[in-house]
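In: Whatever this is, show me its structure:
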Amino acid sequence: MISEEHPSEAQLVDSTKQTLEGIRQFLVDHRIAAIPSEVRPIVAETPPYARAGAFAMMDTPGAYETKATEAFYYVTPPEADWPASQKEEHLRLFNRPVMNLISIHEVWPGHYLQFLYSKQFPTKTRKLIYCTTNVEGWAHYSEQMMLEQGFGNGDPKIQLAQLSEALLRDCRYVVGIRMHTKGMTVEQGTRVFMEKGFAERAVAFEEARRGAYDPTYLCYTLGKLLVYKLREHYQKARGGSYSLTGFHNEFVRQGGIPIKLVRRILLPGDTAPLL
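Out: Sure thing, here's the model as predicted:
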């Protein structure tokens, strides 16, 4: 099974580091997007206060920060007091194929690339605030897009990993709505992630618990679909001058404003539906 190919607790950070340079080189070789800096993020364990519901995350400084300029790519280890079975279930999420997808989402060309562009965002408002559907939608779009561009060389394991990560976000869509409108409990949400998303129980519980305080975590799937539709319309508008690189560069340069506003900028006069 793919999930059996996971690092030990002690290997988690180093294993994560090993994914990054190959992904970055793929971006360069395939001209996925321009990278405006040679600075890399620092990979570290997620601080204890930030671990609830978070398996991995980017923690980046603000666009106006001049002192604490380091960006951290955090991965969450098992807790020391967990039983061995729970630790094993947690670590199974970090199997090699899925870890590549997580690094695509968090770093290249996901959140870290967005951060590298932040000082170029054209207005103060765009430097200070963002719309989650844009930011998380872009990162989730990146996972599928990278495989479509050849990342993984057609390896069925990474293709399954991408589908698994997309299915997890689909479950979030359903659970987030049902918890806050239909009375779904955390335990019922956990069952959805286990039965429909094929997640380990430890992973499913953390996902469902997050849904209890983050009802809008449906934005990953919604945002990905919005980016794909925008790309489709952008390509039609550009015709022979279209390039995937050009679309990605223009999208990320706009900052995290709602995708409806990005459409107005990239497609002046456009009246097509968002989806």
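In: residues touching the closest residue in space to residue 210 that isn't next to it in sequence, list them.
Out: If the residues on either side of it in the chain are set aside, residue 210 comes closest to residue 53, at 3.4 Å by CB to CB, 6 or more residues apart in numbering. Heads up, the C-betas are built off the backbone N, CA and C, glycines and all. Residue 53 makes contacts with 206-207, 209-210, 213-214, as judged by CB atoms under 8 Å, 6 or more residues apart in numbering.
In: Most neighbours of all the residues you listed, which one?
Out: residue 207 (25 neighbours; other CB atoms under 10 Å).
In: Show me what stretch 261-275 is in contact with.
Out: Contacts for stretch 261-275 (CB under 8 Å, 6+ apart): 134, 225-226, 229-230, 233-234, 237, 250-251, 254, 259-260.
In: let's go with 6 Å and repeat that
Out: 225-226, 229-230, 233-234, 237, 250, 254 (CB atoms under 6 Å, 6 or more residues apart in numbering).
In: same question, stretch 138-158
Out: Against stretch 138-158 from outside (CB under 6 Å, 6+ apart): 2, 26, 30, 97, 101, 104-105, 109-111, 162, 165, 220, 224, 227.
In: Compute the first-to-last residue distance for it.
Out: With CA to CA, to the nearest Å applied, stretch 138-158 spans 19 Å between its terminal residues.
In: what is the mean pLDDT for it?
Out: Averaging pLDDT along stretch 138-158 gives 98.
In: State whether residue 108 is indeed within a strand.
Out: No. Residue 108 is assigned coil when assessed by DSSP: H, G, I helix; E, B strand; the rest coil, not a strand.
In: So it versus residue 27, what's the distance?
Out: Distance, residue 108 to residue 27, by CB to CB, to the nearest Å: 5 Å.
In: do residue 18 as well
Out: Between residue 18 and residue 27 the distance is 17 Å, computed by CB to CB.
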